[in-house]
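Chemist: Fold the stuff below for me.
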Amino acid sequence: MKRLLLILALLFLTGARDPILVPEVSQHEIQVRQGFKGAELLLFGAILTPEGQRAGQDYDIVVVLKGPTQSIVLREKQRIAGIWVNAVSTEFRSAPSFFAVASSRPIDKLVDDKTAAIYELGLDWLQLSPVGTYEPKEQARFSAGLVDLMRRGGLYQDDPRGVKVSEQVLYQARIALPSSVQTGTYTAETFAITQGRVVASALSRVEVKKTGFERATAQFADHYGFLYGLLAVVISVAMGFLAGRLFALV
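Modeler: Next up is the predicted model:
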């Protein structure tokens, strides 16, 4: 009896091991030049056994692409005496500048809310970290407002059918980066899910960099902020003076 139990235990350990993910991205570096109109990333990879063989089991895949975090102040406008003015505001300490989720099926069909919140598997479970203390309803309202604002700008995306899985081994997803994306390090995290449980994950990185004149200008502004501001004022005054003289001649 003991020997049978030992054999069953060994079969369980060797036959029910979690898969591994081998992720890749089409571009590990995106260069932002003058006239940059955005880019499309292809995130793809394979679902394998620890021995490197085909997993042979159906897994759902979720890909989360997240940009550098930033501090964002969100202001709510109210109409007072017929004029729209800034009223209540809140600050989010670490909101991602870009956030996109693509999955093979809708997230609510894959995991429960607790698991989705732990791994931030969608815009509904994005952790935005507001600064200060707010009522839960007010916090939810501001969070929903920020997500809607970023979504309309193409900076927050959610595609519940964006991942294609082929023959239980290969997966791919396409995510569009708009022209307004910030520079920095982007993380692409892939999750394999089965029976409501995340069984494997893997991480890739993408660098978004400015090149050419844009990079030189950004570096000059970062290292010589006072001179950059002074130069901007001088150029503005010179352009205004030149425009005035041209219109005077006309």
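
Chemist: ok, so what distance separates the nearest residue to Ala116 once chain neighbours are set aside from Glu76?
Modeler: Distances taken as CB to CB, 6 or more residues apart in numbering place Trp125 nearest to Ala116, at 4.5 Å, with adjacent residues excluded. Just so you know, the C-beta spots here come from the backbone N, C-alpha and C atoms, and that holds for glycine as well. Trp125 sits 23 Å away from Glu76, going by CB to CB, to the nearest Å.

Chemist: quick one: which of the two has more around it?
Modeler: A direct count of neighbours by other CB atoms under 10 Å for Trp125 and Glu76 places Trp125 higher, at 17 against 13.

Chemist: For that one, give me its contacts.
Modeler: 107, 113, 116-117 (CB atoms under 8 Å, 6 or more residues apart in numbering).

Chemist: of those residues, buried ones?
Modeler: Among the contacts of Trp125, those scoring as buried are 107, 116 (criterion: 16 or more other CB atoms under 10 Å).

Chemist: between the contacts of Trp125, which is closest to Val169?
Modeler: Using CB to CB, Ile107 is the member of the contacts of Trp125 that sits closest to Val169, with 22.4 Å.

Chemist: check contacts around that closest one.
Modeler: Counted by CB under 8 Å, 6+ apart, Ile107 has contacts 62, 101, 116, 121-122, 124-125, 160.

Chemist: What average pLDDT does stretch 139-150 get?
Modeler: What stretch 139-150 shows for mean pLDDT is 87.

Chemist: With stretch 47-64 instead?
Modeler: In the prediction, stretch 47-64 has an average pLDDT of 84.

Chemist: Show me what counts as buried in that stretch.
Modeler: Buried, per 16+ other CB under 10 Å, within stretch 47-64: 47-48, 55, 59-64.

Chemist: ok, the residues you listed vs Val131, which is closest?
Modeler: Nearest to Val131 out of the buried residues of stretch 47-64 is Val64 (CB to CB; 24.0 Å).

Chemist: Looks like the closest one contacts Glu189 (just checking).
Modeler: Yes - between Val64 and Glu189 a contact is recorded at 4.9 Å, counting by CB atoms under 8 Å.

Chemist: what stretches of this protein score poorly on pLDDT?
Modeler: Applying pLDDT under 70 to the chain flags residues 1-17, 56, 78, 80-82, 84-87, 132-134, 212-250.

Chemist: Got the domain ranges for it?
Modeler: 16-210, 211-250 (automatic domain parsing).

Chemist: Turn the contacts of Ile107 into JSON lines, including secondary structure and distance to Arg93.
Modeler: Below are these laid out as JSON lines (DSSP: H, G, I helix; E, B strand; the rest coil; distance: CB to CB, whole Å):
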{"residue": "Val62", "secondary structure": "strand", "distance to Arg93": "25"}
{"residue": "Val101", "secondary structure": "strand", "distance to Arg93": "21"}
{"residue": "Ala116", "secondary structure": "helix", "distance to Arg93": "22"}
{"residue": "Leu121", "secondary structure": "coil", "distance to Arg93": "21"}
{"residue": "Gly122", "secondary structure": "coil", "distance to Arg93": "21"}
{"residue": "Asp124", "secondary structure": "helix", "distance to Arg93": "20"}
{"residue": "Trp125", "secondary structure": "helix", "distance to Arg93": "18"}
{"residue": "Pro160", "secondary structure": "coil", "distance to Arg93": "28"}
